[in-house]
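J.: make a model of this:
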Amino acid sequence: MKNLGTLFGYEMKKLWKRPMTWIAVLIFSAGMVYYAPIPLYHYDDTFTVVLADGQTISRQVTVEEQDRVSIEAPRLLSGQVMDEEFFQRAQDIRSKLASTELDTNLTGAYAYFQLVDPTYLGAYQLLGLKDNYLHRLDRFRENVESSWGNHLTEEEISYWERMEEQIQQPFIYEPTDAPNRLFDVLGTMGIFIPVLVALCVCDLFSQEHRARTYPQIFASRQGRKYLFLAKILAGGVTSMLAAMAVGAVIGSSLIRYGTWGWGAAIQLCRYMLSCSFPITAWQGILILTGMILVYALLCGALISVVSLWSGSGVAALAVGAALVGGQMLLVQMMSALDAFLTLPVVTAALYYLPMGLVNAAALNVRPLKYFFGLPLNPIQAGMLVYLAVSAVLSAVCWLGWRRKAVSGV
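T.: Reported below is the predicted structural model:
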């Protein structure tokens, strides 16, 4: 084991002494940090609001003022119980305005929140989902009857209903702008993980091929086993360390926005209303981070296989780029391939694609998977399959390593 520790340290040094590794991680982290701030599309404008009593209020509002209200106003309600009174106060805003024809972008009401009172902006933004928060279990059962029952079995419905019953209600309001953005950014980050990992570990085995050091390596039967294990461990650890660029994104969000919304029920987050897990936003972010790390491990194993069998770091890097390009192309062609994608075999394969699992959407209600009779939710099944595939790819690496040991090249 002492030899293994020494060899592991040596392989880690070789990988992290390469300028490409550091440059890739730094550029990737910087790009994601730059992309992470909440996008606010405001312009200098004159806001006008006409109240029901005929009073007209008009004033020019700067971009800075609009941004501040958008971010800070929902925080004024943080910690309040989302009961009938909570939503009724938001509903009363409508009666204070002369026009009841408010568009979906809150234009009329937004002027009110900017010029009169910003307090109930957060409640107003959720007003259309009032029933889903006040009568959540009823809405769940309605969804089962209307659509979910068509693609979920009775056992799956029972599983998700048990999850629903564990969600604490009534909900406690917290603004979730920052967690919402993190879910978006981390999902996007998952798409590009293969290229990042490939840049870091593409030379894991190919460097030995280029340096023609295989004859010396295979001179000792015991040594070659330890070296292979050290390389596999170094490749896996490096892949996951590279993916820890996720930490830079989370850190930058915490510095900019603090922990507002992290303790909120995940159902308060955008696009997560159909999530039935009794978890908070920060727990959802932690789960998604775990999926990114496991996916990075899988990518590292695949890149290692190509690096070993081809003896080319360029080929390994090309595979990482192909994984990214293939996923993006598939997303663009989903509608054109609609008939093909409904085939059972294809549907089963799509379930485990990173674009669906390394994504906050995996936390929403979906069919369960069964392994040896044990039902697993999408996150559990995804992690299990990714780890199993990583192990198989490592075994393929070992076969290639033994082949080279026999041939001595």
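J.: residue 383: neighbour count?
T.: 18 (other CB atoms under 10 Å). C-beta here means a position set from N, CA and C on the backbone, and glycine is covered the same way.
J.: what of residue 207?
T.: There are 16 residues near residue 207, going by other CB under 10 Å.
J.: ok, residue 193 next?
T.: Residue 193 has 27 nearby residues by other CB under 10 Å.
J.: how about it: what's its closest non-neighbour residue?
T.: residue 296 (5.3 Å; CB to CB, 6 or more residues apart in numbering).
J.: other SSEs contacting the helix or strand harbouring the one you found?
T.: Using DSSP states H and E, the element containing residue 296 is helix 281-310. Here helix 281-310 touches helix 177-201, helix 206-211, helix 221-243, helix 245-257, helix 313-333, helix 354-357, helix 378-407, going by 3 or more CB pairs under 8 Å, 6 or more residues apart in numbering; DSSP states H and E.
J.: just those helices: most buried one?
T.: Most buried of the helices and strands packed on helix 281-310 by mean neighbour count (mean count of other CB atoms under 10 Å) is helix 177-201; its value is a mean of 23.
J.: what sits against the closest residue to residue 243 other than its chain neighbours?
T.: Once flanking residues are discounted, residue 243 sits nearest to residue 296: 3.6 Å by CB to CB, 6+ apart. Counting by CB atoms under 8 Å, 6 or more residues apart in numbering, residue 296 makes contact with 193, 196-197, 239-240, 242-243.
J.: residue 394 now?
T.: 232, 301, 304.
J.: now these in JSON lines, with distance to residue 12?
T.: Output for the contacts of residue 394, formatted as JSON lines (distance: CB to CB, whole Å):
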{"residue": "232", "distance to residue 12": "12"}
{"residue": "301", "distance to residue 12": "17"}
{"residue": "304", "distance to residue 12": "14"}
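J.: list just the nearest of these to residue 43.
T.: residue 301 (48.4 Å; CB to CB).
J.: now do the closest one against residue 236, distance only.
T.: Going from residue 301 to residue 236 by CB to CB, to the nearest Å gives 7 Å.
J.: what do these two both touch?
T.: Joint contacts of residue 301 and residue 236 (CB under 8 Å, 6+ apart) are residue 390.
J.: I'd say residue 140 and residue 165 touch.
T.: No. If you go by CB atoms under 8 Å, residue 140 and residue 165 don't touch, sitting 9.5 Å apart.
J.: these two: which is more packed in?
T.: residue 140 (22 against 13).
J.: need the pLDDT of the more buried one.
T.: Looking at residue 140, its pLDDT stands at 89.
J.: name the element it belongs to?
T.: helix 136-146.
J.: following that helix, which helix or strand comes up?
T.: Following helix 136-146 in sequence, per DSSP H and E, is helix 154-165.
J.: would you mind listing the buried residues in that following helix?
T.: Within helix 154-165, the residues scored as buried using 16 or more other CB atoms under 10 Å are 156-157, 159-160, 163-164.
J.: coming back round to it: which of the helices and strands packed on helix 281-310 has the lowest average pLDDT?
T.: helix 206-211 (a mean of 69).
J.: Three-state assignment for residue 169, please.
T.: What DSSP: H, G, I helix; E, B strand; the rest coil gives for residue 169 is coil.
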